[in-house]
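1. Just need the structure, nothing else, for what follows:
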Amino acid sequence: MYAAECLGSVVRQVRQKLGYTQNDVAEMVGVEVRTIMHIENGIGNPTWEVVFPLIRKLNIDPRMVFYPELTRDDEALSQMQILLAQCNEKDIDDLIPIFKAVISVLHSRDNIAITDK
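-> Down below sits the predicted model:
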């Protein structure tokens, strides 16, 4: 998903969840309603001066826009988060290069089986 489409999808989802109209959001951010329509449809290239207040006014978690894969709700990711929560800052710093190496190997070789013992 491209950045504009991702932003638009998140804005529409959050706006609807909050019960706002496009006009409501446009007034909150101080832009024309067509700007919100364009953003939600993935059209154009909104400026940071529009995106920043839009994300803040709707209380959008920036990860939803910039890292949508991190907001998925799955069991494996939850398990990883629980394991990482047990680590101190040094442990996490030490794990980063290990994770990067493992991910690189997993992406480069299709038939690797890693089992939990």
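2. Just the element for the residue nearest to Glu32 when sequence neighbours are not counted, please.
-> Distance criterion Cβ to Cβ, 6 or more residues apart in numbering; nearest residue to Glu32, sequence neighbours excluded, is Ala26 at 6.2 Å. C-betas here are computed from N, CA, C, even on glycine. Applying DSSP states H and E as the criterion places Ala26 in helix 22-29.
3. what comes into contact with that helix?
-> Here helix 22-29 makes contact (Cβ atoms under 8 Å, 6 or more residues apart in numbering) with 11, 15, 20, 32-33, 35-37, 40, 50, 53-54, 57-58.
4. What subset of those is buried?
-> 11, 15, 20, 35-37, 40, 50, 54, 58 (16 or more other Cβ atoms under 10 Å).
5. and which of those residues is nearest Glu5?
-> Nearest to Glu5 among the buried ones among the contacts of helix 22-29: Glu40, at 9.9 Å, using Cβ to Cβ.
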